[in-house]
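*Asks:* What follows is a predicted protein model with its sequence.
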Amino acid sequence: MSTAEKKIVVPIDGSDPALHALRVALKRARESGARIHLINVQLPVNLGSARAFLPKEAIEQYHAEESALALKSARELLSSEGVPFEAVTRTGHPADEIAAYASATNDDEIIMGSRGMGLMGNLVMGSVAAKVVHAAQVPVTLVK
């Protein structure tokens, strides 16, 4: 991969808005020859003291299975279109992980859905998209 190749991060949580953002990124990738970086961020398992009784491997397996499920449609779409992509899973706060990943991989932009978890989730957690806009060091495009 040349250093001049454009790279676009697309956070994927398995929601329709995330897949719509991926379609926008796919169009841009076709126009510019960009590579797409899919990222799925899993929230840490928060089971209080019960977490001490779960083996680390079981938690990692749970995150891997949930991430694979969330990324499935996105992977299938990009594979069928022949667009180069990479897919990663991170665990942590979604906005922090998305912004950090884009910075660490020298991506050119982030394209993401403006809502993923639905109204109740956004009320409880705040808008991940808004937090990414503030935390990211690259341009962020929000797709409705």
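*Replies:* Great, that's in hand.

*Asks:* Please count neighbours and contacts with C-alpha atoms only from this point.
*Replies:* OK.

*Asks:* Mind listing what's buried along the helix or strand harbouring Met112?
*Replies:* Element membership of Met112 [criterion: DSSP states H and E] is strand 109-113. Neighbour counts over strand 109-113 (16 or more other Cα atoms under 10 Å) mark 109-113 as buried.

*Asks:* among those, which two are most distant?
*Replies:* Glu109 and Gly113 (13.5 Å; Cα to Cα).

*Asks:* what touches both of those two?
*Replies:* Common contact partners of Glu109 and Gly113 (Cα atoms under 8 Å, 6 or more residues apart in numbering): none.

*Asks:* quick one, helices of this protein?
*Replies:* 16-32, 56-81, 94-104, 119-125, 128-135 (DSSP state H).

*Asks:* hmm, who's touching the third one?
*Replies:* This means helix 94-104. 9, 11, 39, 41-43, 90-91, 108-110, 128-129, 131-132, 135-138.

*Asks:* Hey, what's the angle from the strand holding Met112 to helix 94-104? Just curious.
*Replies:* Strand 109-113 runs at 150 degrees relative to helix 94-104, counting by axes from the mean of the first three to the mean of the last three Cα atoms, to 10 degrees.

*Asks:* hey, C-alpha coordinates of strand 109-113 in PDB?
*Replies:* Taking Å, rounded to 0.1, in the frame of the first residue of the first chain, the C-alpha atoms of strand 109-113 are listed here in PDB:
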ATOM      1  CA  GLU A 109     -11.500  10.900   7.200                       C
ATOM      2  CA  ILE A 110     -14.200   9.200   9.200                       C
ATOM      3  CA  ILE A 111     -17.600   8.500   7.700                       C
ATOM      4  CA  MET A 112     -20.200   7.300  10.100                       C
ATOM      5  CA  GLY A 113     -23.900   7.100  10.800                       C
END
